[in-house]
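A.B. asks: Dropping a prediction and its sequence here:
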Amino acid sequence: MTAAYFDGRSAVRHSVQLRLAAEGLMVTRDDSRIEHWPFHSYRLQRSPGDRFLRFERAPYRGECLLVEDPADIARILAELRHSGSSPARRKRLAAILVVATVAICAALYAAFPLVVSAIARFAPVAWEERLGRAVSLSLAPMSARITDPAAARAIAKVTTRLHDADPGPYLYQVSLTREPTVNAWAAPGGYVNVYCGLVQRLDSGDQFAAILAHEFQHVTQRHSTRNLVRTLLIRTALTLTGTGGEGLFDTAAMLGALHLMRTDETAADALGLELLERARIDPRAMATAFERIDRDSTDPRGDLPGALDYLSTHPSTQSRIEAARRAARRGQYEPALSPAEWKQLQQACYSLPESGKGK
């Protein structure tokens, strides 16, 4: 088909050959150069009675193609209707595409938790260990960890006793970080960190064992793995789409991913109590540990913010304390640590500013 081409810079009329293709207009100039005008790059103007058709290049600055031959006009209109490329049809197709995109996004959003849970459930332990090690070294670098031999022996004693009571695929590695934050967290693969601020608030080795039993359940139930997988998938998607996500392993993202839901905390409490029972450690220590932290959170001496660090991720409410009391059974138990061992563990943290030390 023959058309007239105007470049928008002059009134010179150029004769060109026009052909409709699947992806748009193909324009062949008299020097055999071929230009491609995609459907989205022009608008079609029709004169009354279709005496001529004008394809205006967007953004319109005068560049256009003009078709005046009635036979060519009829052929173009027929092909546009057949291909579904008329302006009205393109608008309908665009609307359908938007609706389909929204529907797909909604389906992906609904399926996202299932995908995350499946990845976390079937992730190899070796993969969890690599991920957990990276997270642990970032949030608790070696330079911040306490390496006191007596404290290390006390931690190893409690860790071994809990692991032996419920052997599993994870080899727990517990670190003690020289920081006054009242908190503890579990990373995938068995990496657990306890801050000195929390140790200072506890009263006994049994309470320390209760905290570890709770955190170990986050590992075995893969709570931390699930949350980190969710965070990594979201931030990776943001990176790939160019909308953010810089620094997939930045501290804020990882620490946020280790903050768990209340349902996870409730499950870790219940399973932690069972683990203490199997390890012959008094399970009532979990309730007294929560009481100790909860008491400090309302202590008038002014150290409220520290205790809230723990309460923000491990909500120590009165109902939670009462649930731990009800679940704990009286029996014959052996202390997790001797008074001397517990004192050595606490002593390793005493170089910190004194804030709510345990008795």
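C.D. replies: The structure has been received and is ready for your questions.

A.B. asks: what's the burial count for residue 16?
C.D. replies: The number of residues packed near residue 16 is 17, by other C-beta atoms under 10 Å. All C-beta spots, glycine's among them, are computed from the backbone N, C-alpha and C.

A.B. asks: Confirm it sits in a strand?
C.D. replies: Yes. Looking at residue 16 with DSSP: H, G, I helix; E, B strand; the rest coil, it is inside a strand.

A.B. asks: how close does it get to residue 79?
C.D. replies: Separation of residue 16 from residue 79 (C-beta to C-beta, to the nearest Å) stands at 17 Å.

A.B. asks: In terms of helices and strands, where is the residue positioned nearest the centre of the chain?
C.D. replies: The chain has residue 231 as the residue nearest its centroid, 1.0 Å off, counting by C-alpha atoms, centre = their mean. Taking DSSP states H and E as the criterion, residue 231 maps to helix 223-240.

A.B. asks: ok, for residue 180, nearest residue in space, not its chain neighbours?
C.D. replies: Closest residue in space to residue 180, ignoring its immediate chain neighbours: residue 197 at 4.1 Å, by C-beta to C-beta, 6 or more residues apart in numbering.

A.B. asks: Just to check, that neighbour is in contact with residue 178?
C.D. replies: No. Counting by C-beta atoms under 8 Å, residue 197 stays clear of residue 178, with 9.8 Å between them.

A.B. asks: Looking at those two, which has the bigger crowd around it?
C.D. replies: residue 197 (27 against 18).

A.B. asks: Quick check: that one is in a helix.
C.D. replies: Yes. Residue 197 sits within a helix when classified using three-state DSSP.

A.B. asks: Roughly how far does it sit from residue 151?
C.D. replies: With C-beta to C-beta as the criterion, residue 197 and residue 151 are 15 Å apart.

A.B. asks: Residue 196 now?
C.D. replies: Distance from residue 196 to residue 151, by C-beta to C-beta: 10 Å.

A.B. asks: so what's in contact with the two at the same time?
C.D. replies: 176, 348 (C-beta atoms under 8 Å, 6 or more residues apart in numbering).

A.B. asks: So if I had to pick from those two, which one is more boxed in?
C.D. replies: residue 196 (25 against 20).

A.B. asks: Need the pLDDT of that one.
C.D. replies: Note on residue 196: pLDDT of 94.

A.B. asks: neighbours of the closest residue to it other than its chain neighbours, just the number please.
C.D. replies: Of all residues not flanking residue 196 in the chain, residue 349 sits nearest, at 3.6 Å (C-beta to C-beta, 6+ apart). Neighbours of residue 349 under the rule other C-beta under 10 Å: 25.

A.B. asks: Least confident secondary structure element in this protein?
C.D. replies: Across the helices and strands of the chain, mean pLDDT, DSSP states H and E gives its lowest value to helix 304-313, namely a mean of 45.

A.B. asks: what about the stretch 101-250 of the chain, any weak spots by pLDDT?
C.D. replies: Residues of the stretch 101-250 of the chain meeting the criterion pLDDT under 70: 101-118, 120, 234-250.

A.B. asks: try 90
C.D. replies: 101-128, 131-132, 134-135, 138-139, 167-168, 179-183, 188, 221-250 (pLDDT under 90).

A.B. asks: ranges for the strands of it?
C.D. replies: With DSSP state E, counting those that start in this stretch as the criterion, the stretch 101-250 of the chain has strands at 173-177, 184-187, 191-195.

A.B. asks: So for residue 64, which of those strands sits nearest?
C.D. replies: With C-beta to C-beta, the closest approach to residue 64 among these belongs to strand 184-187: 63.0 Å.
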